[in-house]
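Participant: next come a sequence and a model predicted from it.
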Amino acid sequence: MDGREMKYRVQLALDEETDGSFLDEKTVYDYINEGALEIARKTNALTSTQSITTVADQTGYTINADFLSLYLKDKSGDFFIKYNDGTSNHFIRWGSYEDIILYDDTTSVLIPSNFSITDDPTLDSKVSGTETSGGTKSSSSGEATLTDSAADFSDVSSGDVVHNTTDSSSGVVVSKTSSTVLVTALFPDDPSATTDSDWDASDAYVIQPQGRFRIVLNPPPSTAGHTITLYYVQKPAPVYSNFGTFRYPQHLDLATVKYAAWLFKYKDREPNFADKLYMMAEMEMRRGKHGVDKALVRSKVRVNMLARD
């Protein structure tokens, strides 16, 4: 189900006219994407891994921008990561960040005892500049290309908020083509305005990176070159255009639509209507999760967790 179909179905779920709706396009997409995050978090529909190489005596390491949550647990119900010391695998369990701060164990060891996930405050700086080539806007998808030959977009990722301060339009980064080129979706800051919502040469932009996370090892490793493998649920790539799609089963698309409609009614203080939509979203979510669970079982690699003192 693509973005155009999801917008249409949200309006139907709300008993709204599909033409002349009071719902502006940006708000509809915002709720659809908020729903997609919740669906992914609850169903583990999109998963990935990240390999991180240790640095001697270093505690914190930045996690991929698409990290949403952990999902693999051992028999005790604890989240874990895999730690390879070059010879064998060790499985390190999650511990609270509060305990790590409280005990303040900074003496390096060969194999850390536990890990935690916390905010990464080092990647929250705004990125600004100007369009250098006169970016194009696709008439079919509505996406607009932002190019700045002098930029470094290495810390920018899909889902980051972008503003065209010249044209008074805002939106999101849909994808990154290179360190100087981004694909964006823009919408007028004033929904009644007739701005083109694209990038013309010399248009000024500001990008606000989304929140990022880091993994904290406790105590820090004493050796460089070891490998951490992090298993996580991915954020769905944002859908803010007609032909954008989420990469999960169709039942979860339906759940996303119902969840987006529920957000509208919940914020409009219509609890009876909202409750019905939420129940429908939960039903579709359970159907989708059942399929995801079966797929995970089929592909699951059994891991013998090593007891740690």
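Facilitator: In hand now; what should we look at?
Participant: neighbours around the nearest residue to residue 56 once chain neighbours are set aside, how many?
Facilitator: Counting by CB to CB, 6 or more residues apart in numbering, residue 56 lies nearest to residue 224, which is 4.4 Å off, once chain neighbours are set aside. Any C-beta I mention is one placed from the backbone N, CA and C, and that applies to glycine too. For residue 224, the count of nearby residues is 11 (other CB atoms under 10 Å).
Participant: same question for the one 5 residues further on.
Facilitator: Residue 229: 14 surrounding residues under other CB under 10 Å.
Participant: wait, it touches residue 50, no?
Facilitator: Yes. When contacts are counted by CB atoms under 8 Å, residue 229 is listed as touching residue 50 (7.4 Å).
Participant: give the residues shared as contacts by the two.
Facilitator: Common contacts of residue 229 and residue 50 (CB atoms under 8 Å, 6 or more residues apart in numbering): none found.
Participant: run through who's touching stretch 96-113.
Facilitator: With contact meaning CB under 8 Å, 6+ apart, stretch 96-113 is reached by 56-57, 59, 83, 85, 90, 92, 95, 114, 116-118, 216-223, 308.
Participant: swap in 6 Å and give it another go.
Facilitator: Stretch 96-113 has contacts (CB atoms under 6 Å, 6 or more residues apart in numbering) with 57, 90, 92, 116, 118, 217-222.
Participant: contacts only, for the residue nearest to residue 56.
Facilitator: Residue 224 makes contact with 54-56 under the criterion CB under 6 Å, 6+ apart.
Participant: can you say which helix or strand has it in it?
Facilitator: Per DSSP states H and E, residue 224 falls between elements, in no helix or strand.
Participant: and the pLDDT for it?
Facilitator: pLDDT recorded at residue 224 is 98.
Participant: how near is it to residue 55?
Facilitator: 5 Å (CB to CB, to the nearest Å).
Participant: helices of this protein, start to end?
Facilitator: Using DSSP state H, the helices of the chain run over 3-13, 25-43, 97-103, 250-267, 271-299.
Participant: deepest of the ones you listed, which one?
Facilitator: Neighbour counts (mean count of other CB atoms under 10 Å) averaged over each of the helices of the chain peak at helix 250-267, with a mean of 23.
Participant: for that one, packing partners?
Facilitator: helix 3-13, helix 25-43, helix 271-299 (3 or more CB pairs under 6 Å, 6 or more residues apart in numbering; DSSP states H and E).
Participant: now do that helix against helix 25-43, angle only.
Facilitator: 120 degrees (axes from the mean of the first three to the mean of the last three CA atoms, to 10 degrees).
Participant: so what touches helix 250-267?
Facilitator: For helix 250-267, contacts defined as CB under 6 Å, 6+ apart pick out 1, 6, 9-10, 13-14, 31-32, 35-36, 39, 45, 273-274, 277-278, 280-281, 284-285, 287-288.
Participant: if we go to 7 Å?
Facilitator: 1, 6, 9-10, 13-14, 31-32, 34-36, 38-39, 43, 45, 246, 273-274, 277-278, 280-281, 284-285, 287-288, 291 (CB atoms under 7 Å, 6 or more residues apart in numbering).
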